[in-house]
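1. Sequence and predicted structure below; questions after.
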Amino acid sequence: VSAFLLNRSSDLNLIGKIYTSVIGFLMLPFYLKHIGADGYGLIGLWGIIQAFALLLDSGMTPMLTREVAQTKEKEGSALYLKNMLRTTEILLLIVAILFCLMVFFFSTIIADKWLNNSNLPKDIVKTSIVLIGIIVATRFNTSLYGATVMALERQICYNVASSAIATIKSFGAMYVLLQVSNSVIFFFKFQILISFLEFILYRLLVAWFMPRTKSRAVFSLNIYRGKLHFIGGYSISALFVFLLLQSGGIILSKILSLSDFGYYTFALTLVSVLQMMGTPILQAISPRLINIYANDKKNISSFYHFSCQLMAFLTIPAGLTLCFYSYEIIFIWTRNMETANQVYAIVSLLSIGTLLNLLVTMPGQLQIANGKTKVMVYTNALSLAFVLPLDIIFGIMYGGIGVAFVWILLNIFYIFVSIFFVHSRLLDEEKTRWILNDVIRPMIIQILFFLLSKFFYNILDIQSMVFKIFFILFVLIFGYCISIYSLNLIRLETIK
């Protein structure tokens with residue numbers, strides 16, 4: 001039954017994510033063309049500020065979604081969940097207001113002292129930073145509501161809503177840049193409008209789907225008693241994750257020109273499409289894994305490996321296609337040789353690092369289901385000790401390529417931690433099966449195939465744009481066929 005529910009949930013999430021990813025993917029060259037590389041550098045700054053804002057959440061959103069996933073079906077839980085939602089949303093609203101004020105205060109310092117801007121007027125950069133602060137502030141509660149809808153396992157409504165928002169956001173931005181102004185200021189103003197629309201929509205969905213009760217929800221800090229350990233551990237881990245994932249971008253935003261940082265952001269955004277492919281699986285798995293770990297531990301092993309192999313099937317062919325054919329994909333996509341030359345090497349390295357990161361997310365989800373985040377905190381603290389200096393050294397020496405290489409090293413380290421610490425504590429008997437059947441074997445088979453495909457691609461020396469597209473699509477589709485075969489073979493061996 002759990003496999004069926006996961007398939008149904010992940011299929012719905014995958015369809016929604018594919019739609020939003022395709023729209024976002026198609027819009028990237030348009031944004032780069034109309035707001036320029038410097039404007040795209042400000043979008044990169046938006047991403048860093050958004051990541052920083054997650055720290056101020058302090059683990060409240062993960063805590064709420066964990067409680068919803070665990071108790072939504074229990075009798076008498078409706079008032080408890082509504083009170084927790086009311087308390088959390090009020091706290092996050094206060095945080096959002098304080099965050100806006102903080103961004104406004106530091107906007108001049110960031111514009112004048114941090115960013116290496118030589119093309120955009122300083123007042124435009126400062127105004128853009130203030131607008132980014134408003135956009136990010138609305139995301140505190142929007143993320144809370146969206147995560148709650150997913151924890152309630154209302155995938156259809158969530159994906160319809162997110163697809164509608166993505167459509168309005170993309171085509172609306174296109175209209176603004178073409179018909180109103182191609183200034184980055186108008187781009188961010190339109191994003192504010194969409195952010196408030198998204199906030200209202202997800203709040204209405206939460207109100208509709210939360211368990212019913214006649215009593216009114218009340219604000220009460222007492223509801224957090226007994227949960228501060230989880231919130232504290234998650235918050236500390238989130239701080240380390242921010243520094244680990246964003247240190248490279250922060251360093252590059254200082255040492256690179258705003259336009260070069262824009263190209264790096266462009267590469268990051270392209271690779272984030274790969275991350276989006278793994279997100280629907282995580283969104284479908286997380287509440288189900290928490291529920292099974294709490295109430296049905298005899299089936300946790302089979303469900304866990306099924307989830308790991310599903311992630312491998314979905315992401316490995318796409319990740320390796322992006323890695324091996326990065327230049328061709330970027331050039332076909334943008335029809336801009338300068339952009340392709342600027343970012344293809346960064347995209348290839350980021351793709352490998354992101355693919356490895358997706359494969360080790362399942363052990364992380366296992367820790368969240370268990371509710372013990374100590375290993376996560378220690379791992380990220382140790383990682384930070386070598387990642388931060390490496391980002392500084394490699395970033396100064398090699399720019400975006402150096403930071404992307406450090407990203408690969410970090411995720412290789414995570415794999416070793418998952419083997420020797422996470423599985424040893426939670427599923428000790430499954431660690432060998434995880435690394436061999438869920439990670440190494442699917443990867444090796446695919447890497448050999450993609451090396452062979454690249455060899456034939458170079459021999460054929462394809463010049464026609466149409467034939468290049470067909471060749472890459474054929475490689476991608478055949479890669480998924482190989483993935484299906486290899487995972488079925490592994491599953492049959494396991495049964496024997």
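-> Noted; the coordinates are in hand.
2. Off-centre distance for the strand or helix carrying residue 356?
-> For residue 356, the host element (DSSP states H and E) is helix 337-359. Distance of helix 337-359 from the chain centroid (CA atoms, centre = their mean, to the nearest Å) equals 15 Å.
3. Just the buried residues of it, please?
-> By 16 or more other CB atoms under 10 Å, the buried positions in helix 337-359 come out as 339-340, 342-359. To be clear about C-beta, it is placed using only N, CA and C from the backbone, and glycine gets the same treatment.
4. packing partners for that helix?
-> Applying 3 or more CB pairs under 8 Å, 6 or more residues apart in numbering; DSSP states H and E, one finds that helix 337-359 contacts helix 258-295, helix 300-324, helix 326-334, helix 400-417.
5. residues touching residue 388, list them.
-> 243, 247 (CB atoms under 8 Å, 6 or more residues apart in numbering).
6. Give me the residue at the spatial middle of this protein.
-> In the chain, the residue lying closest to the centroid (CA atoms, centre = their mean) is residue 275, at 5.3 Å.
7. mind checking how far that one is from residue 223?
-> Using CB to CB, to the nearest Å, residue 275 is found at 33 Å from residue 223.
8. any weak-confidence spans in this protein?
-> The model of the chain has pLDDT under 70 over residues 1-17, 58, 72-76, 283, 294-298, 371-374, 421-428, 430-431, 487-496.
9. The residue of it most remote from its centre sits in which helix or strand?
-> What lies farthest from the middle of the chain is residue 214; by CA atoms, centre = their mean that is 37.5 Å. Remark: residue 214 resides in no helix or strand, with elements defined by DSSP H and E.
10. measure it to residue 78 for me?
-> For residue 214 relative to residue 78 (CB to CB), the value is 9 Å.
11. Likewise for residue 472?
-> Distance from residue 472 to residue 78, counting by CB to CB: 51 Å.
12. same thing with residue 183?
-> Residue 183 is 48 Å from residue 78, by CB to CB.
13. Also residue 47?
-> Distance from residue 47 to residue 78, by CB to CB: 37 Å.
14. One more: residue 252?
-> Residue 252 is 48 Å from residue 78, by CB to CB.
15. Give me the more crowded residue out of those two.
-> Set residue 252 next to residue 78 and count neighbours by other CB atoms under 10 Å: residue 252 wins out with 23 against 18.
16. The helix or strand containing that one: which residues count as buried?
-> According to DSSP H and E, residue 252 maps onto helix 228-255. Neighbour-count burial for helix 228-255 flags 230-231, 233-244, 246-253 (criterion: 16+ other CB under 10 Å).
17. Pull the number of nearby residues for residue 406.
-> Neighbour tally, residue 406, other CB under 10 Å: 24.
18. swap that for residue 293, please
-> Residues lying near residue 293 (other CB under 10 Å) number 21.
19. Mind jotting down where the strands sit in the stretch 101-250 of the chain?
-> In the stretch 101-250 of the chain, no strands are found when defined by DSSP state E, counting those that start in this stretch.
20. which helices and strands sit right next to the helix holding residue 252?
-> Helix 228-255 sits against helix 2-57, helix 60-71, helix 258-295, helix 374-398, helix 400-417, with contacts defined as 3+ CB pairs under 8 Å, 6+ apart.
21. again, only using 6 Å
-> Other helices and strands packing on helix 228-255, by 3 or more CB pairs under 6 Å, 6 or more residues apart in numbering; DSSP states H and E, are helix 2-57, helix 60-71, helix 258-295, helix 374-398.
22. JSON lines for those helices, including distance to residue 321?
-> Formatted as JSON lines, the helices and strands packed on helix 228-255 follow (distance: least, CB to CB, whole Å):
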{"stretch": "helix 2-57", "distance to residue 321": "13"}
{"stretch": "helix 60-71", "distance to residue 321": "32"}
{"stretch": "helix 258-295", "distance to residue 321": "10"}
{"stretch": "helix 374-398", "distance to residue 321": "25"}
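23. Nearest to residue 174 among those would be which one?
-> Closest to residue 174 of the helices and strands packed on helix 228-255 is helix 2-57 (CB to CB; 6.4 Å).
24. dump the residue contacts of the residue nearest to residue 42 when sequence neighbours are not counted.
-> The shortest distance from residue 42 to any non-neighbouring residue, by CB to CB, 6 or more residues apart in numbering, is to residue 128 (5.0 Å). By CB atoms under 6 Å, 6 or more residues apart in numbering, the contact list for residue 128 reads 42, 184, 188.
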